[in-house]
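In: Predicted model and sequence follow; I will ask about them next.
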Amino acid sequence: MTGEQSGPVVRTPHGAVRGRYEDGVAVFRGIPYAAPPVGRLRFRPPEPPEPWDGVRDAGSFGPTAPKPPYSEAFAQYLSDPDIPGDDCLNLNVWTPEPGPGARLPVLLWLHGGALTRGSSAVPVYDGRAFARDGVVCVSANYRLGLEGYGLFPDAPPNPGLRDQLAALRWVHRSIAAFGGDPGRITLCGQSAGAISAGILLAAPQSQGLVRRAVLQSGAPEVSTRDKVRRMVRRVATRLKIPATAEAFAGVDPGLLLRTQAEVGRLSSPVLGGPAFGVVVDGDLVPGDPLKAIVDGEAARGVDLLMGWTRDEYRLWLVPGGLVERVDRLGAVALAGAMARCHVGHEVPRGYRALHPDAGPAEIVGQMVTDHMLRVPLHRLADARPGASYLYEFAWPSRLPHLGSCHALELGFVFDSGDIPESAKLAGAGAPQELCDAMHGAWVRFATSGDPGWQPWDVTHPVRVFDDGPPHTAYGPRDAELALWSTAPRVPAPPPPAEPRAPGAELAAAMRRLRRSVGARRR
């Protein structure tokens, strides 16, 4: 018998699939959970795949969602395989014990990539270590960019988020056949994947499907419809077409991706700018997801593991030498950060007092990180004392200037730090003991809801993963975060067409910063 013929066979709701045994783990790749989003289904909510006869081979990763490649500056740090094909709504399963009856905990992984890049085929996300340690690991693709998160007058919003919900429902319905327990699903994601996981926790359609959740460097948030529309309209303007789903469907896919990448070139968590995002739609996203969870209206009984890296901003600014550029911009950069975070001078003054040796780039980066991540994650933890656990990843990359940057913890969570794709960001020689500690915490949380340290309470315990054994710090970010609770909030600046309106000078500073950084990138 060949290896393919002797691989494990599992029956899904749509047909049987044959996987592979790899290092004692059963692996199934490229299983469709929804129909290919082409033709009449393009820009539409996902529909179930067509059932198949016989046994479908599940030995290789399926097609990835259409996406532009990373720029050269980011590609040196991040891997993002591109697998062609229409059947991109697929997922992968790693399990130590295929077949019903095992009732093992399940971890469903949603990748990051700013909703424009990434896939479940990224080598760092290999789920073999989770399966080795008794957790069924599932990773899923979903639509990206215009096709997943564009906003059009002639198509429903949020199809990419609806893809993720379809994958979650597939796991809940199907995972028992792979040895998983549908009552012990941990929804886990990083960056845009964490934002998505948080939004799904608040979705009425997902209630009862998730037992635990891990939010890595992302908190539930929605974008304004105007912000997403601006992104769509700018792409449409460059292509000289109407900003409708019907018009975009007629554009050559390669040209569409190149134009989308060009328009989004200056969008980043630090620089702001138009970008794709999840919007309130009155259905899957009926309102602010963060508020719904904090108020106890959603995700009742869901345990939370949440955290960040110490220097998130360095992945956003180091490529292309932007740390030095922002440092030279000085006051303009700080004014731009104030506009980005809708705060007055009190907040950057407070950061300067707390970090007198920090340059503008560090102050801007930590301000934006706190605004986007630490403040909302603290709010979630405060609303779930005793059932929330917070962490900070503080181990610095071996590569120059990256520090403990965004996405650096991924190789440690998946215990894949020894592969070349992890070394692109971490450098050579990532400590295995740190992989063991962090991966072990995620395994314990998925298994029991307790990662191994003190749950959140009034002392604000945060588990710190750094050189040496992990340790618990109490309130390590409280001084900075207190600035946000005492400083008055500044309304979002008006559109550029109103130059004399209040706050316009901050908006202009933000635009000058993006233009200056853009000139450097070119």
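Out: Noted; the coordinates are in hand. Numbers count the residues shown, from 1 in each chain.
In: so is the residue lying closest to residue 111 once chain neighbours are set aside in a helix, a strand, or just coil?
Out: Nearest residue to residue 111, sequence neighbours excluded (CB to CB, 6 or more residues apart in numbering): residue 118, at 4.2 Å. Backbone N, C-alpha and C define where each C-beta goes, glycine included. Three-state assignment for residue 118 (DSSP: H, G, I helix; E, B strand; the rest coil): coil.
In: Could you tell me the end-to-end distance of stretch 38-45?
Out: End-to-end distance for stretch 38-45, by CA to CA, to the nearest Å: 11 Å.
In: Quick one: residues in contact with it.
Out: Residues external to stretch 38-45 that are found in contact with it (CB atoms under 8 Å, 6 or more residues apart in numbering): 35, 37, 47, 86, 147, 150, 152, 155-156, 159, 162, 245, 248-249.
In: which parts of that stretch are buried?
Out: Residues 41, 42, 43, 45 are the ones in stretch 38-45 that count as buried (16 or more other CB atoms under 10 Å).
In: ditto for stretch 111-123
Out: Those would be 111, 112, 113, 114, 115, 116, 117, 118, 119, 120, 121, 122, for stretch 111-123 by 16+ other CB under 10 Å.
In: Which residues lie in contact with the last one in this structure?
Out: Same thing as residue 122. The contact partners of residue 122, taken as CB under 8 Å, 6+ apart, are 79, 80, 81, 111, 421.
In: repeat that with 10 Å
Out: By CB atoms under 10 Å, 6 or more residues apart in numbering, the contact set of residue 122 is 61, 64, 78-81, 111-113, 139, 410, 414, 416, 421.
In: Okay, it and residue 60: tell me how far apart.
Out: 15 Å (CB to CB, to the nearest Å).
In: cool, and the first one?
Out: Separation of residue 111 from residue 60 (CB to CB): 18 Å.
In: got it, and the fourth one?
Out: Using CB to CB, residue 114 is found at 26 Å from residue 60.
In: all strands of the protein, in order?
Out: 9-12, 15-18, 20-22, 25-32, 55-57, 90-95, 104-110, 136-140, 180-190, 212-216, 303-309, 388-393, 461-465, 471-474 (DSSP state E).
In: just checking, what packs against the fourth one?
Out: I take that to be strand 25-32. strand 9-12, strand 15-18, strand 20-22, strand 55-57, strand 90-95, helix 128-132, strand 136-140, helix 159-174 (3 or more CB pairs under 10 Å, 6 or more residues apart in numbering; DSSP states H and E).
In: coming back round to it: what's the PyMOL line that selects buried ones from the contacts of residue 122?
Out: For the buried members of the contacts of residue 122, the matching PyMOL selection, counting by 16+ other CB under 10 Å, is:
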select buried, resi 61+64+78+79+80+111+112+113+139+410+414+416+421
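In: With pLDDT and distance to residue 54 added, can I get the contacts of residue 122 in a markdown table?
Out: Shown next, in a markdown table, are the contacts of residue 122 (pLDDT from 0 to 100; distance: CB to CB, whole Å):
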| residue | pLDDT | distance to residue 54 |
| --- | --- | --- |
| 61 | 98 | 21 |
| 64 | 98 | 25 |
| 78 | 97 | 38 |
| 79 | 97 | 34 |
| 80 | 98 | 33 |
| 81 | 97 | 28 |
| 111 | 98 | 30 |
| 112 | 98 | 36 |
| 113 | 96 | 34 |
| 139 | 98 | 25 |
| 410 | 98 | 37 |
| 414 | 98 | 33 |
| 416 | 97 | 33 |
| 421 | 97 | 34 |
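In: In helices, which of the contacts of residue 122 appear?
Out: Assigned to helices by DSSP state H, the following of these qualify: 410, 421.
In: Let me know the closest of the contacts of residue 122 to residue 323.
Out: Nearest to residue 323 among the contacts of residue 122 is residue 78, at 17.6 Å by CB to CB.
In: ok, now which ones touch the closest one?
Out: Residue 78 sits in contact with 70, 112-113, 117-118, 122, 124, 315, 319, 407, 410, 421, 424-425, where contact means CB under 10 Å, 6+ apart.
In: repeat that for 6 Å
Out: With contact set as CB atoms under 6 Å, 6 or more residues apart in numbering, residue 78 has these partners: residue 70.
In: Against residue 196, how distant is it?
Out: Using CB to CB, one gets 18 Å for the distance from residue 78 to residue 196.
In: looking at the strands of the chain, which is buried most?
Out: With neighbours defined as mean count of other CB atoms under 10 Å, the strands of the chain peak in mean count at strand 136-140, which reaches a mean of 28.
In: measure the closest residue to residue 236 other than its chain neighbours to residue 153 for me?
Out: Computed as CB to CB, 6+ apart, the closest residue to residue 236 that is not its neighbour in sequence is residue 243, at 3.9 Å. As judged by CB to CB, residue 243 and residue 153 stand 8 Å apart.
In: These two - which one has more neighbours?
Out: Between residue 243 and residue 153, counting by other CB atoms under 10 Å, residue 243 is the more crowded of the two (20 against 10).
In: show me the contacts for the more buried one.
Out: By CB under 6 Å, 6+ apart, the contact list for residue 243 reads 232, 233, 236.
In: with these in mind, which one is nearest to residue 259?
Out: For the contacts of residue 243, the closest approach to residue 259 (CB to CB) belongs to residue 236, at 9.1 Å.
In: ok, how many other residues are close to that closest one?
Out: 21.
In: Now the terminal residues of stretch 28-40, how far apart.
Out: Length of stretch 28-40, first residue to last, CA to CA: 29 Å.
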